[in-house]
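Visitor: Structure for this input, please:
(2 chains)
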Amino acid sequence: MEPVKVAAVQAAPVLLDRDETIGKVVTLAAKAAAEGARLVAFPEAFVPGYPDWVWRTRPWDASALVLYERLFDQAVVIGSPAAGLLAETARRLRIWLSVGVSERDDAGSTLYNTLLHFAPDGSLAGRHRKLMPTGGERLVWGMGDGSTLKVIDTGFGRLGGLICWENYMPLARTALYAQGVDVYLAPTWDNSDVWVPTLRHIAKEGRTYVIGVTACIRAADLPAELPGRAALYGDDGDWLSRGNTVIIGPEGEVLAGPLTGEEGVVYAELDVRRARTGRQQFDPVGHYSRGDVLRLVVDTTPRPAVSFGSRDETAELTPPPAE
Amino acid sequence: MSSLRIAAVQASYVLMDRDATIDRVAGLTAAAAREGAQLVVFPEVFVPGTPIWIDTQLIWEGDEDWFALLAEGAVVVGGPAAERLAAIAAQHQVWLVIGVSEREEHGATIYNTVLYFSPQGVLAGRHRKLMPTGSERTIWGMGDGSTLRAVDTGLARIGGLICWENYMPLARFHLYAQGVEVWIAPTLAIGDGWVATMRHLARENRMFVIGVNPVLHADQIPAGFPGRDRLFAPGYLERTGPWLEEGNTVVVAPDGSVVAGPVREREETLVADLDLRAVATARRHLDPVGHYNRPDVFRLHVDTSPRPAVVETPGGAFAAGNGGTEQPTISESPGG
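Guide: So this is what the prediction gives:
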């Protein structure tokens, strides 16, 4: 298994404009691919942009509702042309492409904070819906179930990740460690100075590479016609997110970044053999676990609200018990 | 009371001299109590000190005398050394939390243990490290799941794990679920990476975190220490420098910000006032065992049963005359 170059893209979305933002993904992914990156990662909810207004408006305010309407309209549906364009980008550039999106089911009305992983063959190799939105996000996004916690084998290492403060869920992290994650993505909106220490901790706890990727956007980047723009957002000095993009090695060492206050692409070369042999010192799901004392059970069953079938089939459709 | 004054003692032990080290504990605790500390925390295996030879020399290379000192100096719960520690807590009316090398009275296996003494001089908690690290495995056994209890001091709920146990997410989660407000992490771990971990833990469970280390310079090894001249493999000190324990004591707030420290390459007791209200208010943002958990997806089972090597059944299974097929009753673990 050879070392691989990866890229974490810190950029501003064109807020609430799906196609324009995907245009930026296409351009920036091509740039990173030209630099030799085989994995290109974009921030949390990058398409069509993080709903920052949940922190600036009172719940159910008219100014928030009009923005939600736009977010709903611009969300990504799996199987739609927008998702197809992302898949085609991965295929054309022969890269792994991981992008955070606001996602919904075709006939559904709840939005999810989702991380999509497209393979170099253009297939959607992985999808993770954030298990738990944070604070004001809970007014915008629903919760994923345990069926989207899968780690993917890329050929250069096992790829997985959690979104923003999900990274503070020890059990969710353990579920990824147990699948041998070597390259751990942590797209986030978190700008705090504790975030990098958290990613260093996760790297050392899981003996995994960690790619933290954050949007970088200020009021000046917002489309002129964004509803409520003047009332909610200030001038150039008004940062929605300064960015915090960083790549960490499996000893918890910072390899690149953190990049703040500007757009840019952060690169690093990863050698997953280092992560795996580093687990000689610590392996949270192997020799440094205590399965006799502490045992985690994860329900990975899809949990749709409704299952359909004929009466004869409904017995089979009844979801199995949690264990 | 919503404020708690703590003291995290970064100090040197007297290597493998239990009584002299406990003398130091007495003096340092008295000094911390004079500053008004209600909770005084000492480092990992402070009594009788780190068995440094497991890293400074080849494994099992001429270490008989050193291990004999460790076995002799290990603290036995209920024994005189433990009673002295209890008396120190009572004398100064403080909660005293201290790492010791511990063994059973007639046992030969040493455990890496943290003892919690109340201001009444009662042993209110004991935690044996679940998993030693690397070369530590040549010297310490493993604790079972019965010593993972948070302690309610009446001032705050306290608890913690030892050194790299702090990288065990499931063990942490089990303690988080017991409502720990002040986390105590006695350790030998040095460097900024460890401080990052302390900050992460604080923010993960929105609690105060006290990381506490010893500090020891090579010159502090007693002149009469047996085999002192062969304690270090050739070139060891040149490679690592003279600080056998560099220190890294740090206190962190529930938002992950550093309150005090990290202190390195000197003795110092960090004293800090912890506003415990900050814990509950910070958990409105994130509570890893409450509103930010997903118990429908994740379920952690913990076997908290003591697991002694032998379960005696006097007059039981074999006296029943059934050919020994009857099994002694062992209480079901919660995990089943």
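
Visitor: From here on, just use CA atoms for contacts and neighbour counts.
Guide: Noted.

Visitor: which strands and helices sit next to the lengthiest helix in chain B?
Guide: What stands out as the longest helix in chain B, according to DSSP state H, is helix B:18-34. Applying 3 or more C-alpha pairs under 8 Å, 6 or more residues apart in numbering or on different chains; DSSP states H and E, we find helix B:18-34 packed against helix B:80-92.

Visitor: Go again with 10 Å.
Guide: For helix B:18-34, the packing partners by 3 or more C-alpha pairs under 10 Å, 6 or more residues apart in numbering or on different chains; DSSP states H and E come out as strand B:3-10, strand B:39-41, helix B:64-73, helix B:80-92, strand B:95-102, strand B:268-275.

Visitor: and those as a markdown table, adding mean pLDDT and distance to A:Val54?
Guide: What follows is the helices and strands packed on helix B:18-34, written out as a markdown table (pLDDT from 0 to 100; distance: least, C-alpha to C-alpha, whole Å):
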| stretch | mean pLDDT | distance to A:Val54 |
| --- | --- | --- |
| strand B:3-10 | 98 | 34 |
| strand B:39-41 | 98 | 41 |
| helix B:64-73 | 96 | 59 |
| helix B:80-92 | 98 | 50 |
| strand B:95-102 | 98 | 44 |
| strand B:268-275 | 98 | 30 |
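
Visitor: Of all the residues in the longest helix of chain B, which ones are buried?
Guide: Residues B:Arg18, B:Thr21, B:Ile22, B:Asp23, B:Arg24, B:Val25, B:Ala26, B:Leu28, B:Thr29, B:Ala30, B:Ala32, B:Ala33 are the ones in helix B:18-34 that count as buried (16 or more other C-alpha atoms under 10 Å in any protein chain shown).

Visitor: for the helices and strands packed on helix B:18-34, which one sits closest to chain A?
Guide: Closest approach to chain A among these is made by strand B:268-275 (19.1 Å; C-alpha to the nearest C-alpha).

Visitor: following whichever helix or strand A:Leu86 is part of, which helix or strand shows up next?
Guide: Secondary structure from DSSP states H and E places A:Leu86 in helix A:81-93. Under the assignment DSSP H and E, the closest C-terminal helix or strand after helix A:81-93 is strand A:96-103.

Visitor: Do you know the pLDDT at B:Thr313?
Guide: We have a pLDDT of 86 for B:Thr313.

Visitor: can you tell me how far it sits from B:Thr304?
Guide: As judged by C-alpha to C-alpha, to the nearest Å, B:Thr313 and B:Thr304 stand 21 Å apart.

Visitor: If you count surrounding residues, which of those two has more?
Guide: The residue with more neighbours, out of B:Thr313 and B:Thr304, is B:Thr304; 18 against 12, by other C-alpha atoms under 10 Å in any protein chain shown.

Visitor: Before we go further, that one is sitting in a strand, right?
Guide: No. Using DSSP: H, G, I helix; E, B strand; the rest coil, the secondary structure at B:Thr304 is coil, not a strand.

Visitor: how far is the longest helix anywhere in chain A from where the chain is centred?
Guide: If you go by DSSP H, chain A has its longest helix at helix A:18-34. Computed by C-alpha atoms, centre = their mean, to the nearest Å, the chain-centroid distance of helix A:18-34 equals 16 Å.

Visitor: the inter-axis angle of it versus strand A:96-103?
Guide: If you take axes from the mean of the first three to the mean of the last three C-alpha atoms, to 10 degrees, helix A:18-34 sits at 160 degrees to strand A:96-103.

Visitor: ok so, going back, with mean neighbour count added, can I get the helices and strands packed on helix B:18-34 in a markdown table?
Guide: What follows is the helices and strands packed on helix B:18-34, written out as a markdown table (neighbours: other C-alpha atoms under 10 Å in any protein chain shown):
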| stretch | mean neighbour count |
| --- | --- |
| strand B:3-10 | 24 |
| strand B:39-41 | 27 |
| helix B:64-73 | 17 |
| helix B:80-92 | 20 |
| strand B:95-102 | 27 |
| strand B:268-275 | 19 |
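
Visitor: need those in JSON lines with distance to A:Val306, can you?
Guide: Below are the helices and strands packed on helix B:18-34 laid out as JSON lines (distance: least, C-alpha to C-alpha, whole Å):
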{"stretch": "strand B:3-10", "distance to A:Val306": "50"}
{"stretch": "strand B:39-41", "distance to A:Val306": "54"}
{"stretch": "helix B:64-73", "distance to A:Val306": "63"}
{"stretch": "helix B:80-92", "distance to A:Val306": "60"}
{"stretch": "strand B:95-102", "distance to A:Val306": "53"}
{"stretch": "strand B:268-275", "distance to A:Val306": "47"}
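
Visitor: so which of these gets nearest A:Leu111?
Guide: strand B:268-275 (38.5 Å; C-alpha to C-alpha).

Visitor: which residue packs closest to B:Arg277, ignoring adjacent ones?
Guide: The spatially closest residue to B:Arg277, leaving aside those adjacent along the chain, is B:Ser2, at 6.1 Å (C-alpha to C-alpha, 6 or more residues apart in numbering or on different chains).

Visitor: looking at it, the one you found is touching B:Asp275, isn't it?
Guide: Yes. Counting by C-alpha atoms under 10 Å, B:Ser2 touches B:Asp275, with 5.9 Å between them.

Visitor: Per-residue pLDDT of B:Ala320, please?
Guide: The predicted local confidence for B:Ala320 is 49.

Visitor: Low-confidence ranges, the stretch 1-150 of chain B, go.
Guide: Counting by pLDDT under 70, the stretch 1-150 of chain B has low-confidence residues at B:1.

Visitor: Leaving out the residues flanking it, which one is nearest to the closest residue to chain A within it?
Guide: Of all residues in the stretch 1-150 of chain B, B:Gly145 sits closest to chain A, at 5.4 Å by C-alpha to the nearest C-alpha. Using C-alpha to C-alpha, 6+ apart and skipping residues adjacent in sequence, the residue nearest B:Gly145 is B:Thr304, 4.4 Å away.

Visitor: Next up, phi/psi of that neighbour, please.
Guide: B:Thr304 has phi and psi values of phi -100, psi 10 when expressed as degrees, to the nearest 10.

Visitor: Find the centremost residue of chain B, please.
Guide: With distances taken as C-alpha atoms, centre = their mean, B:Val114 lies nearest the centre of chain B, 3.7 Å away.

Visitor: Identify the spatial nearest neighbour of that residue, chain neighbours not counted.
Guide: B:Gly99 (4.2 Å).

Visitor: right, and that neighbour touches B:Val40 too?
Guide: No. When contacts are counted by C-alpha under 10 Å, B:Gly99 is not listed as touching B:Val40 (11.8 Å).

Visitor: A:Asp145: what's it in contact with?
Guide: By C-alpha atoms under 10 Å, 6 or more residues apart in numbering or on different chains, the contact set of A:Asp145 is A:128-132, A:299-304, B:294, B:296-297.
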